[in-house]
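Novice: take this sequence and fold it.
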Amino acid sequence: MLTREQLDKYEMTIGIECHVQLNTRTKLFSGVDNDARDKEPNAVVSPIDYALPGMLPVLNKAAVDKAILAGLALNSKIANVSRFDRKHYFYPDLPKGYQISQMYQPIIGAGHVDVYDPATGEESRVRIEHAHLEEDAGKLTHHGDYSLVDLNRCGTPLIEIVSQPDIHSAVQAKNYVATLHRLMVYAGVTNGDLYHGNMRFDVNISVAPKDSKKLGTRAEIKNLNSFRSVERCAEYEFKRQVELVEKGEKVHQETRGWDEAKQKTTSQRSKEHAQDYRYMPDPDIPPVVLTDEYIAKVGAGLPTMPREYRTGWAGLKLDGSVVESVLDDQDLAKKLTEVLEKSDSKTAARVAHWFTLSAAGDGEQEARTEQVSAQHLIELSQMVERSELSSTGAKEVFLKLNDEKSPRELAKEMNLLQVSDSGEIDRVVEEVLALPEAAQAVADIKAGQDKAIGFLVGLVMKTSKGKANPGVAQKAIRSKLQ
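Specialist: Below is the predicted model of the structure:
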């Protein structure tokens, strides 16, 4: 077991490659359906994907446009000229014997991502080396002494985002991939479904003494598909490598896999020697030439991004966890900004807290919330401001809110409207003050123990079945006990 003192002598360095599946209608070089979810094996495959003789690829323009949007979301330079290359290797899920990728002239150049840490509220910058367009390979399923090939995924358009080794903790690695996911979903280039592999992460990690100027030998953990697994595998791999170094053993350069059940990495294959992929320009695909005007035209479609929302909400003085909860749903982020534009910061802050109730609920509740108009949300907030609804009652109405009925109509149906009529509340207060259980609180108040008034207000609320305005009730109690 490693001690904290041993671990503190070392620093981890992490670089991450992220594969993002683009949500185009068709594949990168063929005209078949790009959505392979719930499809029979080999059901959405064209002769181009099978690599039948004489079949020529045709580049999907929509994939290029989405790559431009992704690059702009990464604060990257979009190349005016990019090219496709053939990456040669032989595997059953790659019928051509090569993968069409971009080795030498990628479409997306250097950029950066500002990674927000919800726990501290601070940002750290991770540089992007480049990102390139490529096609996905098929899928192999192993069954003992045989394997099955499914080519549905073959030809799926991907962008591979390659970071610089700027990450130095497991938490920062988790926050980086979460930030990437949010950026790509907001940019509209991917569906972001981690379960179905819309984004996959390869984590390269090495350890070295903190005062060392040389990086250690790295291991690559492949095909992670959740933020949590990225964090956990980095934690495990850091300790594994430190333990080897402390024992005087060698860390081998290798590809490792993540065992979710055992929460550990396992060796898959050695990478001591670089594989020769024999890259060559693809002669069937001409260079992609983009003018600055075209890049600007496509870039005009980039929507408001998370950091812009966060900056726009600064005046709401929201807790970081509330901001992150709202940002997790792009539609809710849009709706909150609309509420702020049409009302004031107090109303918007109240609505933001209600949105966290949606995020904590089921998918049906969240979908219904997204459909509620900004005007209804503002009206509900105004009812709280006018003491027509308690904060608790407003939450109950919010969870039932839809555009078929106004907040007031729902509050009436749910019997939640507060009574602010002084005559009615005076009657209830007199009834409460006559109760035997109120006697001690009345005596305490008359003796100067003002806190006891809360007990009497509670009795008023109970007697009125929650309808009495507590502020009006408290004034009536004080008036009658003077």
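
Novice: in stretch 142-150, which residues are buried?
Specialist: Val149, Asp150 (16 or more other Cβ atoms under 10 Å). For glycine as for every other residue, the C-beta is placed from the backbone atoms N, C-alpha and C.

Novice: name the nearest residue to Thr179, sequence neighbours excluded.
Specialist: Val115 (5.0 Å; Cβ to Cβ, 6 or more residues apart in numbering).

Novice: please name every helix or strand in contact with the host helix or strand of that neighbour.
Specialist: Using DSSP states H and E, Val115 sits in strand 111-117. Other elements packing on strand 111-117 under the criterion 3 or more Cβ pairs under 8 Å, 6 or more residues apart in numbering; DSSP states H and E are strand 122-135, helix 170-187, helix 306-312.

Novice: the closest residue to Val58 other than its chain neighbours in helix, strand or coil?
Specialist: For Val58, ignoring the flanking residues on the chain, the nearest one in space by Cβ to Cβ, 6+ apart is Phe29 at 6.1 Å. Look at Phe29: counting by DSSP: H, G, I helix; E, B strand; the rest coil, its state is coil.

Novice: do Ile48 as well
Specialist: Ile48 ends up helix, using three-state DSSP.

Novice: and it, how many neighbours does it have?
Specialist: 21 (other Cβ atoms under 10 Å).

Novice: where along the stretch 151-300 of the chain do the strands fall?
Specialist: Remark: strands assigned in the stretch 151-300 of the chain by DSSP state E, counting those that start in this stretch are 157-163, 199-209, 219-224, 254-259, 264-270, 280-281, 288-289.

Novice: ok, which of the ones you listed comes nearest Glu246?
Specialist: strand 199-209 (10.3 Å; Cβ to Cβ).

Novice: mind listing what's buried in that closest one?
Specialist: Met199, Arg200, Phe201, Asp202, Val203, Asn204, Ile205, Ser206, Val207, Ala208.

Novice: ok, now stretch 30-40?
Specialist: Ser30, Val32, Asn34, Asp35, Ala36.

Novice: contacting residues around Glu122?
Specialist: The neighbours of Glu122, taking Cβ atoms under 8 Å, 6 or more residues apart in numbering as the test, are Tyr116.

Novice: closest to Arg83 among the buried residues of strand 199-209?
Specialist: Nearest to Arg83 among the buried residues of strand 199-209, counting by Cβ to Cβ, is Asp202 at 23.5 Å.

Novice: in the sheet, who's paired with that closest one?
Specialist: Beta-bridge pairing for Asp202 (DSSP bridges): Glu17.

Novice: residues contacting it?
Specialist: Counting by Cβ under 8 Å, 6+ apart, Asp202 has contacts Ile16, Glu17, Cys18, His19, Glu220, Ile221, Lys222, Asn223, Leu224.

Novice: try Thr266
Specialist: Thr266 sits in contact with Arg256, Gly257, Asp259, where contact means Cβ under 8 Å, 6+ apart.

Novice: select from those residues the one having the most neighbours.
Specialist: Arg256 (23 neighbours).

Novice: just to check, the residue nearest to Thr179 is in contact with Ser124?
Specialist: Yes: with contact defined as Cβ atoms under 8 Å, Val115 reaches Ser124; the gap is 5.1 Å.

Novice: what about these two, which has more around it?
Specialist: Between Val115 and Ser124, Val115 has the larger neighbour count (other Cβ under 10 Å), namely 21 against 17.

Novice: measure that one to Ala131 for me?
Specialist: According to Cβ to Cβ, to the nearest Å, Val115 and Ala131 sit 16 Å apart.

Novice: same question, Gly448
Specialist: 70 Å.

Novice: which of those two has more residues huddled nearby?
Specialist: Ala131 (26 against 7).

Novice: distance of that one relative to Ser82?
Specialist: 11 Å.

Novice: how about Leu69?
Specialist: 15 Å.

Novice: same question for Thr356.
Specialist: From Thr356 to Ser82 the distance is 42 Å (Cβ to Cβ).

Novice: pull up the overlap in contacts between Ala131 and Ser82.
Specialist: Pro106, Ile107.

Novice: what's the helix or strand harbouring Leu399 in contact with?
Specialist: Leu399 is located in helix 391-400, with elements delineated by DSSP H and E. Applying Cβ under 8 Å, 6+ apart, the contact partners of helix 391-400 are 354, 357, 361, 365, 369, 380-381, 383-384, 389, 407, 410-411, 414, 416-418, 466.

Novice: what residues sit buried inside the helix or strand that it is followed by?
Specialist: Once helix 391-400 ends, the next helix or strand along the chain (criterion: DSSP H and E) is helix 407-413. Using 16+ other Cβ under 10 Å as the test for burial, helix 407-413 gives Pro407, Arg408, Leu410, Ala411.

Novice: quick one: helix 407-413 to chain centroid distance?
Specialist: Offset of helix 407-413 from its chain centre (Cα atoms, centre = their mean, to the nearest Å): 34 Å.

Novice: now swap in stretch 137-146 and tell me
Specialist: Taking Cα atoms, centre = their mean, one finds stretch 137-146 lying 31 Å from the centre of the chain it belongs to.

Novice: now what about it, what contacts it?
Specialist: If you take Cβ under 8 Å, 6+ apart as the criterion, stretch 137-146 is touched by 91-95, 99, 147-154.

Novice: any chance of the residues you listed in JSON lines, plus distance to Gln268 and secondary structure?
Specialist: Shown next, in JSON lines, are the contacts of stretch 137-146 (distance: Cβ to Cβ, whole Å; DSSP: H, G, I helix; E, B strand; the rest coil):
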{"residue": "Tyr91", "distance to Gln268": "14", "secondary structure": "coil"}
{"residue": "Pro92", "distance to Gln268": "17", "secondary structure": "coil"}
{"residue": "Asp93", "distance to Gln268": "16", "secondary structure": "coil"}
{"residue": "Leu94", "distance to Gln268": "18", "secondary structure": "coil"}
{"residue": "Pro95", "distance to Gln268": "23", "secondary structure": "coil"}
{"residue": "Gln99", "distance to Gln268": "19", "secondary structure": "strand"}
{"residue": "Ser147", "distance to Gln268": "16", "secondary structure": "strand"}
{"residue": "Leu148", "distance to Gln268": "20", "secondary structure": "strand"}
{"residue": "Val149", "distance to Gln268": "19", "secondary structure": "strand"}
{"residue": "Asp150", "distance to Gln268": "21", "secondary structure": "strand"}
{"residue": "Leu151", "distance to Gln268": "23", "secondary structure": "coil"}
{"residue": "Asn152", "distance to Gln268": "24", "secondary structure": "coil"}
{"residue": "Arg153", "distance to Gln268": "20", "secondary structure": "coil"}
{"residue": "Cys154", "distance to Gln268": "22", "secondary structure": "coil"}
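
Novice: can you redo those as a markdown table with pLDDT and distance to Arg310?
Specialist: Shown next, in a markdown table, are the contacts of stretch 137-146 (pLDDT from 0 to 100; distance: Cβ to Cβ, whole Å):
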| residue | pLDDT | distance to Arg310 |
| --- | --- | --- |
| Tyr91 | 88 | 43 |
| Pro92 | 89 | 46 |
| Asp93 | 91 | 41 |
| Leu94 | 93 | 42 |
| Pro95 | 92 | 45 |
| Gln99 | 96 | 38 |
| Ser147 | 91 | 47 |
| Leu148 | 95 | 46 |
| Val149 | 94 | 45 |
| Asp150 | 95 | 41 |
| Leu151 | 95 | 42 |
| Asn152 | 95 | 38 |
| Arg153 | 94 | 35 |
| Cys154 | 95 | 39 |
